[in-house]
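J.: Attaching a predicted model along with its sequence, questions to come.
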Amino acid sequence: MTNQDSIAGLTDAFLDWYIANRHRPDLAELNDYLLNAALSARGYNNAESGERFFIRDVLATCDPKLCIDIGANVGRYSLDLLEFTSADVIAFEPLIRSYTELVHNTLRFGGRIHCENAGVGNFNDEAALHFDSSNSVLASFAEEVKRVSYVTNGETVTASVVTLDSYCQERGITAIDLIKIDTEGFEAEVLDGAARVISEVKPRFVQMEFNWHQMFRSKTLNDFAEMLPGYDVYQLLPDGWVQRDPRDPLSNVFQFSNFVFVLKS
């Protein structure tokens, strides 16, 4: 018997034992470990979210011309777009401190990027932006996300908000390759204000972060899929992606992940 056969035999024995005993209270810690490992393998709660894979190995191969980064913060995602593709980028960031860093960080790309000091939603006005000056990446127009345990957002500032529909119409934008949305629970409002862009311009890709922020805002992945008819849904893995059925409960786990909606045509 080889070492490989011995390991396989031990693995089978452990699985038989675990299946027979998995409900024991003293195995709760092991059960949680296995559950978290399975969620990670499925695409949840990974430090490497798969965004760079998507930009480099999927988006770049489509020769994109225009990408829109909504919730750009200080520009990490925009920089990947600019470095791995030849596309122009429009980046929206409502928090002035983060916007200033965004402009500075992307300055070397010149006219390929246009930065807007505004949020994106379903109205054209101003709104209260909730943030933590020590962790600006979590800033949100959605006050409910303060219920997420690691979100404090105890500071508030008034910030401009525009709809993507009005912004694109005013500037004559008729073709978009990617809309990336990372707005800490405000994603539904972004899509609501982009209904005309979605139906008429038909961006090839829409990427959005999904997390337990959506639980406190009563939004499921299936809700977003219904706002994006005509798109297939893929979940990003650290080095790949997998198509998901948005109606499947396992695709609606309120844990950190990124999903890409791909235009079917």
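T.: The structure has been received and is ready for your questions.
J.: Can you show me the CA trace of stretch 169-177 as CSV?
T.: Output of stretch 169-177 as CSV, limited to C-alpha atoms (Å, rounded to 0.1, in the frame of the first residue of the first chain):
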residue,chain,number,x,y,z
GLN,A,169,-27.4,61.8,-21.0
GLU,A,170,-25.9,65.2,-20.4
ARG,A,171,-22.5,64.1,-21.7
GLY,A,172,-23.7,62.0,-24.6
ILE,A,173,-22.3,58.8,-23.3
THR,A,174,-23.7,56.0,-25.5
ALA,A,175,-21.3,53.1,-24.9
ILE,A,176,-20.0,51.7,-21.6
ASP,A,177,-18.0,48.5,-21.2
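J.: And for that stretch, what's in contact with it?
T.: 59, 62, 64-68, 87, 167-168, 196-197, 201, 203-205 (Cβ atoms under 8 Å, 6 or more residues apart in numbering). The C-beta positions use only the backbone N, C-alpha and C, and glycine is treated the same way.
J.: Distance-wise, check the closest residue to Phe53 other than its chain neighbours relative to Val151.
T.: Nearest non-adjacent residue to Phe53, counting by Cβ to Cβ, 6 or more residues apart in numbering: Asp239, 5.4 Å away. In this view, Asp239 and Val151 are 29 Å apart by Cβ to Cβ, to the nearest Å.
J.: ditto for Ala142
T.: 10 Å.
J.: Identify the contacts common to the two.
T.: Glu184, His213.
J.: pLDDT (mean, whole number) over stretch 129-136?
T.: Averaged across stretch 129-136, the pLDDT comes to 91.
J.: start to end distance for that stretch?
T.: Its start and end residues considered, stretch 129-136 measures 11 Å (Cα to Cα, to the nearest Å).
J.: ditto for stretch 53-69
T.: 17 Å.
J.: which other residues reach that stretch?
T.: Residues contacting stretch 53-69 (Cβ under 8 Å, 6+ apart): 77-78, 80-81, 84-92, 164, 173, 175-180, 203-205, 207, 236-241, 258, 260.
J.: Please apply the same query to stretch 11-18.
T.: Identification of contacts with stretch 11-18 by Cβ under 8 Å, 6+ apart yields Leu27.
J.: Could I get the pLDDT score of Asn46?
T.: For Asn46, the model assigns a pLDDT of 93.
J.: and what of Glu200?
T.: The per-residue pLDDT of Glu200 was computed as 97.
J.: Could you check how far it is from Asn122?
T.: For Glu200, the distance to Asn122 - Cβ to Cβ - is 17 Å.
J.: Those two: which has the busier surroundings?
T.: Asn122 (17 against 11; other Cβ atoms under 10 Å).
J.: Got the domain ranges for the protein?
T.: Per the record, the chain has its domains at 3-41, 48-263, by automatic domain parsing.
J.: List the buried residues in the first one.
T.: Buried residues in domain 3-41, defined by neighbour count with 16 or more other Cβ atoms under 10 Å: Leu39.
J.: What mean pLDDT does that domain get?
T.: 78.
J.: Quick check: phi and psi at the residue nearest to the spatial centre of the chain.
T.: Centroid-nearest residue in the chain: Glu209, 1.9 Å away (criterion: Cα atoms, centre = their mean). Note on Glu209: backbone dihedrals following degrees, to the nearest 10 are phi -80, psi 140.
J.: cool, the one 3 residues further on as well?
T.: When read as degrees, to the nearest 10, the backbone of Trp212 gives phi -80, psi 0.
J.: Just give the closest residue to it, not the sequence neighbours.
T.: For Trp212, the closest residue by Cβ to Cβ, 6+ apart turns out to be Phe254, at 4.1 Å.
J.: Please apply the same query to Gly230.
T.: Lys264 (5.5 Å).
J.: and the one you found, how many residues sit next to it?
T.: Lys264 has 9 nearby residues by other Cβ under 10 Å.
J.: re earlier: my read: the residue nearest to the centre of the chain touches Phe186, true?
T.: No. Using Cβ atoms under 8 Å, Glu209 makes no contact with Phe186, being 10.7 Å away.
J.: Helix or strand next in line after the worst-scoring helix or strand of the chain on mean pLDDT, which one?
T.: Sorted by mean pLDDT, DSSP states H and E, the helices and strands of the chain end with helix 3-21, the least confident at a mean of 68. Proceeding N to C from helix 3-21, the next assigned helix or strand is helix 28-42, under DSSP states H and E.
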